[in-house]
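Enquirer: how would this look folded up:
(3 chains)
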Amino acid sequence: MSQGPALVWFRQDLRLADNPALAAAMDVCSSIIPVFIWAPEEEFPWAPGAASRWWLHQSLLELERTLTQRGAKLVIGRGPSAETLLELAAASGAKSVFWNRRYEPAAIARDTKVKTMLREQGIAAESFSGNLLFEPWTIQNTSGKPFRIFTAFWKACLTESAPPEPKPAPKQIPVPASWPPSLTISDLDLDPAGPKSTIDWAGGLREAWRPGEAGAAEQLKMFIDRAIAAYPVARDRPDESGTSRLSSHLHFGEITPRQIWHAVHRNKARDGAANKTGADVFLREIAWREFAYHQLFHFPDTTHKPLRPEFRHFPGHRDPRALKAWTQGKTGYPLVDAGMRELWHTGWMHNRVRMVVASFLVKHLLLRWQDGAAWFWDTLVDADLANNTLGWQWTAGCGADAAPYFRIFNPVLQGEKFDPKGEYVRRWIPELARLPDRWIHKPWLAPVQVLMEARVELDKNYPKPIVDHDMARKRALESFASLRKS
DNA sequence: TTTTGAGTTGTTCGA
DNA sequence: GTCGAACAACTCAAA
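Expert: The predicted structure is shown next:
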């Protein structure tokens, strides 16, 4: 308790509960200075998109609010991380900096540099494990290498001792006698819907989400109370709300996988057998996030290069017109278009539909998965480098434990199976709303009379398919066959 | 040491 | 309508 104030550097851990860096700082230092820095490094090479920045802005306001409740502040800085931390340390007399680790390649490089610079200046710098269940270097196969198969990976995780119990948020935070200078959150210009915006761009986002630690905890509680038992089946239904919707909260560290793990296990112990399957299936999804982070740590090039090198020669095209039709939700396949429009309007897309639209881009349109990943990165409110990278490589067949090349989603069948009444499609494509269920996923096959009555004019108010499914499927299979030969 | 079987999310074809 | 097979190649653990 004698080291003076500590800087606690918040990054993608915008919470007070289960925050090991904050807890450690409070253990050894007499007072705490919470800091958030918007650094140029945060915008290279993966600058967050508008939806992600909106969330970050809201989440920072929430963090500031909870800190204020505890008598503290959130000090806001702008500029290169290392220099800004050094300035804040000089201004406050802090002799130590604490943070929770990040695992993106650029963040690792930056944090390593920051640690060195701080220590050279006589400032203690400590990083902690706060955002994963297990550190990536601790999970290995019997040959001491990282897993490439998910099930084997998760099995190995489950033989480890359970992740530590999360600690609750501190009730009070000891504050320094004086605070270093700070910008305001608005000064960071993160919010694209902020005062400088002329349109209310974020209306859809505001309706759909409640960023921040409290919103995250509430969402988890609601999911466990109401939805986890039905999760194994309901999660596949974009027309219902059977998923956890925790992705953004997890990305910004408003909630941790450890908190989720323990909450789910507590509920599993309390409830009957009915919830056990739901609990295990849901934790497997949390495990996929874990797997994605471990993959990104061990194979940092996979953000832009296929994990399996033979896929370098896969004929991924650049076709601006096809890409545009995909991004705008004008491919002529209702499920694909509904998903892309949901993404544009809410910054989010149901996971089942993400797979369908991604498969469509890679296998029907033969476009580069990197271009699809870039669009998701720009538009998703939960854009996460590890999850996005693994997801796209998985779809394209070039990643770890990837979808086999012959798994080509049929957008019509997927629609009929998982959106049987077309409610999801009608919600996002109002011009198709009057079509009967039978044709809602394949309007181009509907009789003329039906189309007229539904006021659907193909290629006028809704496009015909930009590519024929049977042809595209055969073409994709041939492309993969040629890949094998080369 | 070698072998064997299994591996998130599918579709089509033919019996 | 239902059902099983086929559609690769590789990773990994267990036998």
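Enquirer: interface residues of chain A facing DNA strand B?
Expert: With CB under 7 Å from any atom of the strand as the criterion, chain A comes near DNA strand B at residues A:149-151, A:236, A:284-285, A:288, A:351-352, A:355, A:391, A:394, A:401, A:403, A:406-410, A:413-414, A:417, A:469-470, A:473. No exception for glycine: its C-beta is placed from N, CA and C like everyone else's.
Enquirer: Out of those, which are close to DNA strand C?
Expert: On the criterion CB under 7 Å from any atom of the strand, A:149, A:406 are the entries of those that sit beside DNA strand C.
Enquirer: Can I have the buried ones of the residues of chain A next to DNA strand B as a PyMOL selection?
Expert: In PyMOL, a selection of the buried entries from the residues of chain A next to DNA strand B looks like this (16 or more other CB atoms under 10 Å):
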select buried, chain A and resi 150+236+285+288+352+355+391+394+401+403+408+409+410+414+469+473
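Enquirer: out of the residues of chain A next to DNA strand B, which are inside helices?
Expert: By the criterion of DSSP state H, membership of the residues of chain A next to DNA strand B in helices covers A:150-151, A:284-285, A:288, A:351-352, A:355, A:391, A:394, A:413-414, A:417, A:469-470, A:473.
Enquirer: of all those residues, which comes closest to A:Val456?
Expert: Each of those was checked against A:Val456 using CB to CB; the closest is A:His469, at 19.3 Å.
Enquirer: State the pair within the ones in helices among the residues of chain A next to DNA strand B that is farthest apart.
Expert: Largest separation among these by CB to CB: A:Arg284 and A:Asp470, giving 33.8 Å.
Enquirer: Surely A:Ser359 forms part of a strand?
Expert: No: if the criterion is DSSP: H, G, I helix; E, B strand; the rest coil, then A:Ser359 is helix and not within a strand.
Enquirer: That one contacts A:Phe409, correct?
Expert: Yes: counting by CB atoms under 8 Å, A:Ser359 does reach A:Phe409; the two are 4.2 Å apart.
Enquirer: Tell me the secondary structure of A:Thr142, please.
Expert: With three-state DSSP as the basis, A:Thr142 sits in coil.
Enquirer: For it, the count of nearby residues, please.
Expert: 7 (other CB atoms under 10 Å).
Enquirer: A:Leu67 too?
Expert: Other residues near A:Leu67 number 19, with proximity taken as other CB under 10 Å.
Enquirer: now do A:Gln172
Expert: 10.
Enquirer: Would you list the phi and psi of A:Ala177?
Expert: Note on A:Ala177: its backbone torsions stand at phi -60, psi -40 [degrees, to the nearest 10].
Enquirer: Tell me the one of the ones in helices among the residues of chain A next to DNA strand B nearest A:Arg245?
Expert: Taking CB to CB as the measure, A:Arg245 lies nearest A:Asn351 of these, at 10.2 Å.
Enquirer: And that closest one, how close does it get to A:Ala162?
Expert: Computed with CB to CB, to the nearest Å, the distance linking A:Asn351 and A:Ala162 is 26 Å.
Enquirer: What ranges does the stretch 1-150 of chain A have for its strands?
Expert: For the stretch 1-150 of chain A, applying DSSP state E, counting those that start in this stretch gives strands covering A:5-10, A:31-38, A:75-78, A:96-100, A:124-128.
Enquirer: quick one, which of those strands is packed in tightest?
Expert: Using mean count of other CB atoms under 10 Å, the stretch among those with the greatest mean number of neighbours is strand A:5-10 (a mean of 27).
Enquirer: give me every residue that touches the residue in chain A positioned nearest to DNA strand B.
Expert: Proximity to DNA strand B, evaluated over chain A using CB to the nearest atom of the strand, is greatest for A:Thr151 at 3.3 Å. A:Thr151 is in contact with A:Asp401, counting by CB atoms under 8 Å, 6 or more residues apart in numbering.
Enquirer: got a pLDDT number for it?
Expert: At A:Thr151, the pLDDT value in this model is 95.
Enquirer: TSV for the strands of the stretch 1-150 of chain A, including mean pLDDT?
Expert: Below are those laid out as TSV (pLDDT from 0 to 100):
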stretch	mean pLDDT
strand A:5-10	98
strand A:31-38	98
strand A:75-78	98
strand A:96-100	98
strand A:124-128	98
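Enquirer: quick one: A:Ala21 from A:Tyr103, how far?
Expert: When distance is defined by CB to CB, A:Ala21 is 15 Å away from A:Tyr103.
Enquirer: just A:Ile429 next, same as before
Expert: Applying CB to CB, one obtains 38 Å for the distance of A:Ile429 from A:Tyr103.
Enquirer: A:Glu165: neighbouring residues, count only.
Expert: A count of nearby residues for A:Glu165, using other CB under 10 Å, gives 10.
Enquirer: Surely it is in contact with A:His262?
Expert: Yes: contact criterion CB under 8 Å: A:Glu165 and A:His262 qualify, at 6.1 Å.
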